[in-house]
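Colleague: Please find the sequence and the predicted model below.
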Amino acid sequence: MTSLRIGILGSGYMGATYAECIARHNQRATLVAVAGGSRAPALAATYGVAHLDDDTALFARDDVDAVVIATPHALHHDQTVRAAAAGKHVLLEKPMAPSVAECDSMIAACERAGVVFEVIKTLRFRGSISRALQLIADGAIGRVRMIDGRTLAAGTGIEEKHWAARPESGGMLLDMGCHNFDIICAFAGSEPRRISACVETFAAPAHRRLSAMSQISFAGGVMAQMWMSFEMPRPSLPDHVHRYLVVGETGTLDIDGYGALRLGRDGEWREIWRQPPIDWINRPFEPVRLEAFFRQTQSFIDDILDRRPATVAATQGRRAVAMVEGAWRSALTGTTVELETI
């Protein structure tokens, strides 16, 4: 196989994002069909591909080798298991599923079917964060010792993403926390072992899980903390949608996921790179916004065609869900939760 034929399940903002990536930016891949959601007919027409009534029709097509699933995460388990049974490789939007039990079932189904199963973690592919990961790998700050992460905002986006706030979808803690915990693990370069957390919702139904503070211990001694809140008073803090400090033996990285990457070493701070502004609303398909997405879709395509190990394995998607579950369990019981089973 020299080219991958891809179908998209889900026609919202992210479905449209992946359609644009595959049709206009990715190499060695062809967009074949779109299914799912009220916007699917228009999205399919935009790219001149087939519109299908539902996921069953998509999974049944012989001319679809792989599917990108960009649907509400309460649907991920069933859709992934059925896609695997139909012999389709799967690239799945985060979070992988609302529970670790569902993640395990999905992984097992894909292993039985012998299909590639990867989870979308676009923070790893963003300019400042991907460069920070490379600096860590290159030894620019020595061995990582401590990590501080913050995702702070004055609003939740609940109105546009109401499904994410439903109890069966895990609330906003799962929706955003799977990003935060995944990237902290990537910075640490080792597995999380224990988590202790406080989780609150101050002005909305508790299941939305809008504010959390977590302390994480990693194998090898790395210490990390993650503060996430969508209940900050306006104007919140600037440049804190995804802000991380990574402290090593010989230096520190100050990482704004949507701004500057700075290196503190040898007695001074130096700006390494700065993210150009992104207009999410008016110009969502500009390369500056799409770069992280088409870099990840390309890695998925190349992993399949070149028979490489998964760039973002499903087990790493499971790990993030397990950490969110652990944070919530810690908050409910007032105990430190062991994460040895990740």
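Modeller: Here it is on my side, so go on. Numbering: from 1, shown residues only.

Colleague: So, low pLDDT: which residues of the stretch 151-300 of the chain?
Modeller: Residue ranges of the stretch 151-300 of the chain with pLDDT under 70: 156-170, 206-207.

Colleague: Mind doing that once more with 50?
Modeller: 158-159 (pLDDT under 50).

Colleague: quick one, helices of it?
Modeller: Taking DSSP state H, counting those that start in this stretch as the test, the helices found in the stretch 151-300 of the chain are 171-188, 287-305.

Colleague: helices or strands next to the last one in the packing?
Modeller: Using 3 or more CB pairs under 8 Å, 6 or more residues apart in numbering; DSSP states H and E as the contact test, the elements touching helix 287-305 are strand 4-9, helix 13-20, strand 66-69, strand 89-92. From N, CA and C alone the C-beta is placed, and that goes for glycine too.

Colleague: Out of those, flag the one nearest residue 335.
Modeller: Of all the helices and strands packed on helix 287-305, strand 89-92 sits nearest to residue 335, with 31.3 Å by CB to CB.

Colleague: Mind checking the pLDDT average for the closest one?
Modeller: Model confidence over strand 89-92, given as mean pLDDT, is 98.

Colleague: Quick check: end-to-end length of stretch 302-314?
Modeller: Looking at stretch 302-314, the gap from its leading to its trailing residue is 16 Å under the measure CA to CA, to the nearest Å.

Colleague: average pLDDT for that stretch?
Modeller: The pLDDT scores in stretch 302-314 average 97.

Colleague: So for that stretch, what gets flagged as buried?
Modeller: Burial within stretch 302-314, assessed by neighbour count using 16 or more other CB atoms under 10 Å, is assigned to 302, 303, 304, 305, 310, 311, 312, 313, 314.

Colleague: any residues touching it, and which ones?
Modeller: Contacts made with stretch 302-314 from outside it, assessed by CB atoms under 8 Å, 6 or more residues apart in numbering, are listed as 1-4, 28, 65-66, 89, 92, 96, 103, 106-107, 110, 116-121, 124, 296, 299-300.

Colleague: and it, how far out from the chain's middle?
Modeller: Counting by CA atoms, centre = their mean, to the nearest Å, stretch 302-314 is centred 17 Å from the centre of its parent chain.

Colleague: ok, the residue most central in space within the chain to residue 238 distance?
Modeller: Centroid-nearest residue in the chain: residue 121, 3.1 Å away (criterion: CA atoms, centre = their mean). The gap separating residue 121 from residue 238 is 25 Å, by CB to CB, to the nearest Å.

Colleague: Residue 154 now?
Modeller: Between residue 154 and residue 238 the computed distance is 11 Å (CB to CB).

Colleague: got it, and residue 120?
Modeller: 27 Å.

Colleague: Show me which of the two is the more surrounded one.
Modeller: For residue 120 and residue 238, the more surrounded residue by other CB atoms under 10 Å is residue 120, and the numbers stand at 25 against 10.

Colleague: Hmm, the more buried one is touching residue 91, no?
Modeller: Yes - at 6.4 Å, residue 120 counts as touching residue 91 under the criterion of CB atoms under 8 Å.

Colleague: list the contacts for residue 100?
Modeller: Going by CB under 8 Å, 6+ apart, the list of residues near residue 100 reads 318, 321, 322, 325.

Colleague: Quick check: buried residues in whichever helix or strand the second one is part of?
Modeller: For residue 321, the host element (DSSP states H and E) is helix 314-333. The neighbour-count check on helix 314-333 (16+ other CB under 10 Å) flags 314, 316-328, 330-331 as buried.

Colleague: okay, the helices and strands packed on helix 287-305 in a markdown table with distance to residue 82 next?
Modeller: Shown next, in a markdown table, are the helices and strands packed on helix 287-305 (distance: least, CB to CB, whole Å):
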| stretch | distance to residue 82 |
| --- | --- |
| strand 4-9 | 10 |
| helix 13-20 | 18 |
| strand 66-69 | 10 |
| strand 89-92 | 10 |
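
Colleague: Just give the number of residues close to residue 193.
Modeller: Neighbourhood size, residue 193 [other CB under 10 Å]: 16.

Colleague: ok, now how distant is it from residue 116?
Modeller: Applying CB to CB, one obtains 29 Å for the distance of residue 193 from residue 116.

Colleague: Could you look up the SS state of residue 2?
Modeller: Secondary structure for residue 2, judged by DSSP: H, G, I helix; E, B strand; the rest coil, is coil.
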